[in-house]
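Asker: quick one: sequence and predicted model below, then my questions.
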2 protein chains.
Amino acid sequence: MTETAVGNTVVESAAAQSKSQQAYAAVKARIVEGAYTPGYRLVLAKIAEDLGFSVVPVREAIRRLEAEGLVKFERNVGATVAGIDPTEYLYTMQTLSIVEGAATALSAPLIDSVSIARARAVNEEMRECLEHFDPVRFTALNQDFHSVLFEHCPNPHILDLVHRGWNRLASLRSSTFRFVPGRAQESVREHEALLQLIEGAADADTIEKTARQHRAATLDAYLAQAKQ
Amino acid sequence: MTETAVGNTVVESAAAQSKSQQAYAAVKARIVEGAYTPGYRLVLAKIAEDLGFSVVPVREAIRRLEAEGLVKFERNVGATVAGIDPTEYLYTMQTLSIVEGAATALSAPLIDSVSIARARAVNEEMRECLEHFDPVRFTALNQDFHSVLFEHCPNPHILDLVHRGWNRLASLRSSTFRFVPGRAQESVREHEALLQLIEGAADADTIEKTARQHRAATLDAYLAQAKQ
DNA sequence: AAGTACGAAATCGTATACGATAACTATGGA
DNA sequence: TCCATAGTTATCGTATACGATTTCGTACTT
């Protein structure tokens, strides 16, 4: 399953694929890009008509998306874009903190100075986004930043888990889980700290813990805000 | 998606499900239990006939299994039970070490003395298996042991990742990745050490690292053997 | 004897059709 | 006016049918 990063969303290459795969990619893209928001009702016949396909491949695609947690499918009722309640959000973020931490630690020894420079440039752009208050682009760049670090990740399984988490979170872009400005500035600082650890060839444990904490802090910021 | 542990395999409850779900469970069970070994050719029409279903739900089931990595599907060629080469094995074990470590650490504070006692009993049985040389039962009990520890895991996403890894490994029961006797004895000792850490309310970091190393050591034992 | 090309069989990929189930609406009674 | 019930509609669930692609076997040529 080859995957390529296009912008901030992770989609599969779409050349010479079966219709079920095309449908999968199409619906997934709409969810991740925010065209279909949580709660949106995915009527098989309607999607099939839109794409020019029959219902069978569409159905198959929806089922795959269900397996990834992007879609909720009820028997004889239908499919809707999966919402994500605070509990699900917590599960997803917690899992992401673990797999991102591991991915970062595994990738760190393989990152060359060119990649470091690219990551630093992305982070600099993120800093600028904060000044213009552009949360959407900030989020996209945040994924780009980490994508650069994960470019040479030696374990594709772990990388896949990271992407799944990202897609899951992406579906709520315009949802209730808001961008916390204070946290964003901290995030940029943490990125720089992480880069310095990698440059300095810090031990894997330290890098893993730092990367994990980076994600965990965002979760904590949300929880603190939710409490109020 | 409710899951129940039956013996050493993790299957979904099969009451009042759609045929595609039944087919999914049936084929998955056959793979996990070893009835279908890696390389086995899964002909849609044949499976459909065996189960008394039509091909469409079977096809859907196979696709889900493909998404979980248990089945390999080639366009216009067919589906086969996914083999697992040494590289895949490494990826799977590495990922498992990470998610099992996390699951253990998250569960540890919630494990009561009753569960500890049960886990210890299972471990004792494992020790006996070593004397009678019963690798199959040993493997099953090993999953039981960890299942007890994960009973109160607060994050179902992570638990799901653990189960996926187990299923992936289960499909190779009778394959080339062999049981390493020396490693098994060590494993029993590590289980006891882990239980003592949990009883002693050791800090999460220590527990996580110990649990992770427990899995990693099995991988190392395999790699050392493979090198020869 | 070996290689190539052609044809037949097997299998997947998708569309269409029909049955089953649940949600919705309207109507009648309290 | 509100609630219960029956009928209608929408949507999913599955089966069957047919077209597309690949693979395998056979015959022919060199």
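Answerer: The structure has been received and is ready for your questions. Numbers count the residues shown, from 1 in each chain, chains lettered A, B, ... in the order given.
Asker: burial count for A:Arg189?
Answerer: Residues lying near A:Arg189 (other Cβ atoms under 10 Å in any protein chain shown) number 11. (Each C-beta comes from the backbone N, C-alpha and C, glycine too.)
Asker: so it, which of the three states?
Answerer: Put simply, A:Arg189 is helix when judged by DSSP: H, G, I helix; E, B strand; the rest coil.
Asker: mind checking pLDDT for it?
Answerer: What the model reports for A:Arg189 is a pLDDT of 95.
Asker: so how far is DNA strand D from it?
Answerer: Distance, A:Arg189 to DNA strand D, using Cβ to the nearest atom of the strand, to the nearest Å: 46 Å.
Asker: what about the residue most central in space within chain A, distance to DNA strand C?
Answerer: Centroid check for chain A by Cα atoms, centre = their mean gives A:Trp166 as the closest residue, at 1.5 Å. Using Cβ to the nearest atom of the strand, we find A:Trp166 at a distance of 27 Å from DNA strand C.
Asker: which stretches of chain A form helices?
Answerer: Along chain A, counting by DSSP state H, helices occupy A:19-33, A:44-51, A:55-67, A:86-107, A:113-132, A:135-150, A:156-170, A:181-199, A:204-227.
Asker: nearest to B:Gly39, of those helices?
Answerer: helix A:156-170 (21.1 Å; Cβ to Cβ).
Asker: list the buried residues of that closest one.
Answerer: Judged by neighbour count (16 or more other Cβ atoms under 10 Å in any protein chain shown), helix A:156-170 contains these buried residues: A:157-170.
Asker: what's the answer for stretch A:196-214, then?
Answerer: Buried residues in stretch A:196-214, counted by 16+ other Cβ under 10 Å: A:Leu197, A:Ile198, A:Ala202, A:Ile207, A:Glu208, A:Lys209, A:Thr210, A:Ala211, A:Arg212, A:His214.
Asker: mind listing what A:Ile62 touches?
Answerer: Applying Cβ atoms under 8 Å, 6 or more residues apart in numbering or on different chains, one finds that A:Ile62 lies in contact with A:Val27, A:Leu42, A:Leu44, A:Ile47, A:Val71, A:Phe73, A:Ala79.
Asker: can you tell me how far the residue at the greatest distance from the centre of chain A is from B:Ser18?
Answerer: In terms of distance from the mean C-alpha position of chain A, A:Asn76 ranks first, at 30.6 Å (Cα atoms, centre = their mean). Remark: distance between A:Asn76 and B:Ser18 (Cβ to Cβ, to the nearest Å) = 9 Å.
Asker: repeat that for A:Arg189.
Answerer: According to Cβ to Cβ, A:Arg189 and B:Ser18 sit 50 Å apart.
Asker: spell out which parts of chain A neighbour DNA strand C.
Answerer: By Cβ under 7 Å from any atom of the strand, the residues of chain A that approach DNA strand C are A:18-20, A:48, A:52-57, A:74-77.
Asker: adding distance to A:Glu151 and pLDDT, write these out as TSV.
Answerer: Output for the residues of chain A next to DNA strand C, formatted as TSV (distance: Cβ to Cβ, whole Å; pLDDT from 0 to 100):
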residue	distance to A:Glu151	pLDDT
A:Ser18	29	84
A:Lys19	32	89
A:Ser20	30	90
A:Ala48	37	92
A:Gly52	36	89
A:Phe53	34	90
A:Ser54	39	91
A:Val55	39	92
A:Val56	37	91
A:Pro57	33	91
A:Glu74	39	89
A:Arg75	42	87
A:Asn76	45	86
A:Val77	42	89
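Asker: by proximity to DNA strand C, which residue of chain A wins?
Answerer: Relative to DNA strand C, the nearest point of chain A is A:Ser54 (2.5 Å; Cβ to the nearest atom of the strand).
Asker: roughly how far apart are that residue and DNA strand D?
Answerer: 8 Å.
Asker: burial check on the spatially closest residue to that residue that is not a sequence neighbour, number of neighbours?
Answerer: Using Cβ to Cβ, 6 or more residues apart in numbering or on different chains and skipping the chain neighbours, the partner closest in space to A:Ser54 is A:Ala48 (5.8 Å). Residues within reach of A:Ala48, counting by other Cβ under 10 Å, total 19.
Asker: and for the one 3 residues further on?
Answerer: Other residues near A:Leu51 come to 16 when the count uses other Cβ under 10 Å.
Asker: confidence score at A:Thr176?
Answerer: pLDDT, read off for A:Thr176, is 46.
Asker: also A:Arg212?
Answerer: Predicted confidence (pLDDT) for A:Arg212: 97.
Asker: repeat for A:Thr4
Answerer: 39.
Asker: right, and A:Phe53 touches A:Tyr24 too?
Answerer: No: judged on Cβ atoms under 8 Å, A:Phe53 makes no contact with A:Tyr24 at a distance of 11.2 Å.
Asker: which one's more surrounded, the two?
Answerer: Taking neighbours as other Cβ under 10 Å, A:Phe53 and A:Tyr24 compare with A:Tyr24 leading, 25 against 17.
Asker: show me what contacts the more buried one?
Answerer: Residues in contact with A:Tyr24 (Cβ under 8 Å, 6+ apart) are A:Glu12, A:Glu60, A:Ala61, A:Arg64, A:Leu65.
Asker: can you read off the pLDDT for the first one?
Answerer: On the pLDDT scale, A:Glu12 is placed at 37.
Asker: related to what we said a few turns ago, now the residue nearest to the centre of chain A. Nearest residue, chain neighbours left out?
Answerer: Nearest residue to A:Trp166, sequence neighbours excluded (Cβ to Cβ, 6+ apart): A:Gln143, at 6.0 Å.
Asker: neighbours of the one you found, just the number please.
Answerer: When neighbours are defined as other Cβ under 10 Å, A:Gln143 has 20 of them.
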